[in-house]
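[1] pasting a predicted model and its sequence here:
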Amino acid sequence: MVRLQKVESMAADPSTLYLMRMETSEDKPPHREWHGTHHAWIFRPHAFRWAGPQIVGINFVPLAKDMRAWFLQQGNLPILSTADYLEIDSYYNPYAYSGSALALAMARVVNAFHDFTTVESPELDETDTEIERIRLYNEIILYSARICEVAIKQLLYCTNIPESRYRRMALGALLESPCPSCKEKNGAKPHQVSLVGTLAHPFHLCLEFEHCAMDHMDLVNRLRNSQAAHSGIQALKIRSIKESKENLLVDGEKILSGFLHMLSHLQTLEERMLDDLGKKAEAIIRLKVNGLEPEDCNFKLVPGETFTFEHPAIDP
């Protein structure tokens, strides 16, 4: 039985209810042909939370599911802090903690975006309003990309893919990047590898990701790179307060619409992994209850496949 950890939560501002209509937006990013290969992988012991030798839970939080539920006023955002990390049976996936912090910070940005675009700001003049527009627009882009990154890395942490390979990767490289093994060979032109596609592959989500989710991720990544992450940024365009606010409302809704759509795909992947790991955990717990010795618990946990275990042969 997996114990649910009780955590505090941060509720959505009721004013964000209007964002529910965004999921039906017909705006779609341009389709890109993805050529990254998908590599085989297995779950490692880090996919579970442990209390000594006992499995007590899955070692990642459903970040995309929680973030999407918050937007739709169907749930709260969990708060994971360093104090939780010290609990013996808590999460020790580092991306769960950074993901929680990023989600809570983005919630503040979204509420500030809504207030700015719907409530009068008598304390701001035209210049202050335009500066605030640029600040909120950039933060929406940055947090959208960073939450996608951390949600993906949190899942990768549960696999046998070396963390050194993806730790410093930005969203674009997670979507598609040169094979590191080929790069090490002199004169070889490396083929492309998709770590996002690699995660999706064993759960039969490749087409869903390559024909939709990854296009949305690619768009927000390009927006971040061109308008928010580096020296390039929108220039100040001093205009009326109404025009500045209306401009942010249109641009912000478009970005958040794509972000919500990305979350729906990532949520599907999270749920498939949670279900798969939950079944594997139950099978392992039964084996241990029935007397399987720790030295025999060297399992090969293939994602998407039913877990079976043959007891090692006993020498006569």
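    In hand now; what should we look at? Numbering: from 1, shown residues only.

[2] for F307, which three-state class applies?
    Classification of F307 by DSSP: H, G, I helix; E, B strand; the rest coil places it in coil.

[3] identify the residues contacting it.
    For F307, the contact set (Cβ atoms under 8 Å, 6 or more residues apart in numbering) comprises 279-280, 283-284, 299, 301. For glycine as for every other residue, the C-beta is placed from the backbone atoms N, C-alpha and C.

[4] and L199, by the same measure?
    Contacts of L199 (Cβ under 8 Å, 6+ apart): 152, 155-156, 159, 269.

[5] tell me the one among the residues you listed nearest to H204.
    Nearest to H204 among these: L269, at 10.9 Å, using Cβ to Cβ.

[6] does that closest one touch L155 like I think?
    Yes - L269 lies in contact with L155 (Cβ atoms under 8 Å); the separation is 6.9 Å.

[7] okay, strands next: where are they in the chain?
    9-10, 48-51, 54-58, 77-78, 177-178, 192-193 (DSSP state E).

[8] what pLDDT does the closest residue to F309 other than its chain neighbours get?
    What sits nearest to F309 in space, not counting adjacent residues and going by Cβ to Cβ, 6 or more residues apart in numbering, is L287, at 6.1 Å. Per-residue confidence for L287 comes out at a pLDDT of 87.

[9] tally of neighbours for L287?
    L287 has 17 neighbouring residues, counting by other Cβ atoms under 10 Å.

[10] likewise for T117?
    18.

[11] got it, and the one 4 residues further on?
    The burial metric for S121, expressed as a neighbour count using other Cβ under 10 Å, is 13.

[12] now swap in the one 5 residues further on and tell me
    Other residues within reach of E126, judged by other Cβ under 10 Å, total 14.

[13] is it in contact with S244, as I believe?
    Yes - between E126 and S244 there is a contact at 7.3 Å, judged by Cβ under 8 Å.

[14] ok, longest helix in the chain?
    In the chain, assigned by DSSP state H, the helix with the most residues is helix 241-289.

[15] the inter-axis angle of that helix versus strand 54-58?
    Per axes from the mean of the first three to the mean of the last three Cα atoms, to 10 degrees, the angle that helix 241-289 makes with strand 54-58 is 160 degrees.

[16] other SSEs contacting helix 241-289?
    Helix 241-289 sits against strand 54-58, helix 63-71, helix 94-118, helix 126-156, helix 214-223, with contacts defined as 3 or more Cβ pairs under 8 Å, 6 or more residues apart in numbering; DSSP states H and E.
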